[in-house]
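Enquirer: What would the 3D arrangement of this be:
(one chain, ligands or ions: 2)
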Amino acid sequence: MSTGLAPSAPLSVEDLLHEHGMRATPQRLLIHRVVCDRPRHVTAEQVQRKVADLMPGLSLPTIYATLDLFVELGLLRRIPTLSGPALYDSDTEGPRSHMVCRACSKILDLPVSPVTDDAQRAAEAQGFQVESGDLVIYGLCAQCRAGDTA
Ligand SMILES: [Zn+2]
Ligand SMILES: [Zn+2]
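Expert: Ligands and ions are numbered 1, 2, ... in the order given. Down below sits the predicted model:
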């Protein structure tokens, strides 16, 4: 059973905010709690729906600003999508590769590096130094495929 006490427990959100000279407001702490809940991949709109009961009146711009702040602090990853709002992922360790189901909009982690050796070589051939990348693959998830053929 996993607990919050990982061997290399990172700083708490409060500590991290304070370290950057920012206040750990109840809004920020609540939004952080919501995005670290399952499911891991959320849009700002989903966050807004989840916090609506607990803290009504939290505006979408505030939520976007807070999520982007967390991205800057390294607490979240922002995954750009081609069609639709960006996703925020509380997994900042694994590869930045995802699959998005176009039927049910489910987002799944894909355990491969988004920057392939081919991409790396092609970039270097143009004198480009690769630092990071995002990979989003669109298609149909297993459940939706099963539903299609039923
Ligand atoms: Zn699906
Ligand atoms: Zn993810």
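Enquirer: Show me what the longest helix anywhere in the chain is packed against.
Expert: Secondary structure of the chain per DSSP state H: the longest helix is helix 60-72. Applying 3 or more Cβ pairs under 8 Å, 6 or more residues apart in numbering; DSSP states H and E, one finds that helix 60-72 contacts helix 26-36, helix 44-52, strand 77-79, strand 87-89. Just so you know, the C-beta spots here come from the backbone N, C-alpha and C atoms, and that holds for glycine as well.
Enquirer: And stretch 75-86, end to end?
Expert: Stretch 75-86 has an end-to-end distance of 16 Å (Cα to Cα, to the nearest Å).
Enquirer: same deal with stretch 112-122?
Expert: Length of stretch 112-122, first residue to last, Cα to Cα: 18 Å.
Enquirer: Okay, domains of the protein per the record?
Expert: The record, using automatic domain parsing to delimit domains, assigns the chain the ranges 13-89, 97-149.
Enquirer: Out of those domains, which is the most enclosed?
Expert: domain 13-89 (a mean of 15; mean count of other Cβ atoms under 10 Å).
Enquirer: circling back: how about a markdown table for the domains of the chain, with mean pLDDT added?
Expert: Listed next are the domains of the chain as a markdown table, based on pLDDT from 0 to 100:
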| stretch | mean pLDDT |
| --- | --- |
| domain 13-89 | 89 |
| domain 97-149 | 89 |
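Enquirer: Tell me the spacing between the spatially most central residue of the chain and ligand 2.
Expert: Nearest residue to the geometric centre of the chain (Cα atoms, centre = their mean): D89, 1.6 Å. From D89 over to ligand 2 the distance is 4 Å, taken as Cβ to the ion, to the nearest Å.
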